[in-house]
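Visitor: Provided below for reference: sequence and predicted model.
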Amino acid sequence: MILLDKEPQERDGYRYFIEKSKDMRAIDNENWRLGFEPFHRNLDIQKLAENIFSKLNVLSEIETDDIILDIGAGGGELAFTLQEIYTNLGAKYIMIDLPEVLNLGKKPLLEPIFGPFPVNLEAVNSRILNEGGNVKHIIANSILHYMKFDQFTEGFFHSITEVLSPGGAAFVGDVPCREMKIAQSKAENRPFEDSDKNFSYAEIAKIASLCANAGSTIYTIPQPREFPLSPHRLDLIVFKNKENCLWN
């Protein structure tokens with residue numbers, strides 16, 4: 001989970017993180033809720049991992065020695081559940097996050113890359129080359145709303161499309177949608193409380209247009225209804241087409 005550590009006017013480029021909320025980075029006795037807000041804590045982690053994997057694999061099937069990047073991995077049980085799924089298929093699973101977060105976990109990490117993405121893009125690209133160069137899947141779950149200001153959002157998706165191999169796919173999950181929250185508020189007959197972390201349909205369309213210029217297609221997919229935040233959150237899948245285009 002990536003957390004902003006400064007107000008917008010104080011941020012230094014893509015630098016973000018850590019002291020926003022001590023509660024959100026606390027490890028409970030089971031050590032699988034690291035990085036999750038209290039409302040998420042009754043979520044079945046195995047189902048969440050399977051949801052992420054299935055949405056990616058249907059577009060871009062995993063093969064032996066493919067590289068998987070988990071951006072904002074967080075060091076909790078979700079990352080290790082996904083790691084097990086992928087390594088059982090012969091893929092190479094690489095967690096990316098700040099050391100302050102990854103080192104909070106109580107399990108050994110497989111080849112982590114420390115630092116905030118995409119500030120550490122040079123280190124990421126170097127590891128990709130050393131591992132064979134084929135990034136089949138990227139996972140960035142429940143982090144996009146913590147970096148929501150225009151230039152960072154654009155730079156984040158630019159970096160994803162740059163790192164993905166042609167034919168690869170990225171899961172950018174748990175994105176809060178403004179219009180879905182409005183609809184939910186009306187259905188529950190309560191006032192709508194907006195937040196600067198919500199993405200409007202227009203903002204998602206802008207991201208899709210930018211990715212299209214980079215030779216990628218974005219799919220918006222609902223979450224399973226049993227997920228706690230499914231009434232107002234979407235999952236985005238970025239598929240990098242095999243014909244490359246330039247990012248404009």
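Guide: Received the coordinates, thanks. Numbering: from 1, shown residues only.
Visitor: so residue 68 is in which element?
Guide: Assigned by DSSP states H and E, residue 68 belongs to strand 67-71.
Visitor: and that strand, what does it pack onto?
Guide: Applying 3 or more Cβ pairs under 8 Å, 6 or more residues apart in numbering; DSSP states H and E, one finds that strand 67-71 contacts helix 77-87, strand 92-97, strand 135-141. The way it works is simple: take the backbone N, C-alpha and C, and place the C-beta from them, glycine included.
Visitor: Please export the C-alpha coordinates of that strand as CSV.
Guide: C-alpha atoms of strand 67-71 as CSV (Å, rounded to 0.1, in the frame of the first residue of the first chain):
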residue,chain,number,x,y,z
ILE,A,67,8.4,-11.7,-14.8
ILE,A,68,5.7,-10.4,-12.5
LEU,A,69,6.0,-7.0,-10.8
ASP,A,70,4.0,-6.2,-7.7
ILE,A,71,4.1,-2.4,-7.3
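Visitor: So for it, mean pLDDT?
Guide: In this model, strand 67-71 has an average pLDDT of 93.
Visitor: what's the answer for stretch 127-144, then?
Guide: Summarised as a single mean, pLDDT over stretch 127-144 is 89.
Visitor: need the contact list for residue 140.
Guide: 71, 72, 156, 160, 170, 171, 172, 173 (Cβ atoms under 8 Å, 6 or more residues apart in numbering).
Visitor: one more time with 7 Å, if that's ok
Guide: By Cβ atoms under 7 Å, 6 or more residues apart in numbering, the contact set of residue 140 is 71, 72, 170, 171, 172.
Visitor: Nearest residue to the middle of the chain?
Guide: In the chain, the centroid-proximal residue (Cα atoms, centre = their mean) is residue 140; its distance is 1.3 Å.
Visitor: how about the nearest residue to that one, chain neighbours excluded?
Guide: Nearest-residue entry for residue 140: residue 71, 4.3 Å, with adjacent residues in sequence omitted and distances by Cβ to Cβ, 6 or more residues apart in numbering.
Visitor: quick one on the thing from earlier: quick one: the residue nearest to the centre of the chain from residue 238, how far?
Guide: 9 Å (Cβ to Cβ, to the nearest Å).
Visitor: and residue 90, helix, strand or coil?
Guide: Classification of residue 90 using DSSP: H, G, I helix; E, B strand; the rest coil returns coil.
Visitor: pretty sure it contacts residue 64?
Guide: Yes - applying Cβ atoms under 7 Å, one finds residue 90 in contact with residue 64, separated by 3.6 Å.
Visitor: Please say which of these two ends up with more neighbours.
Guide: residue 90 (11 against 8; other Cβ atoms under 10 Å).
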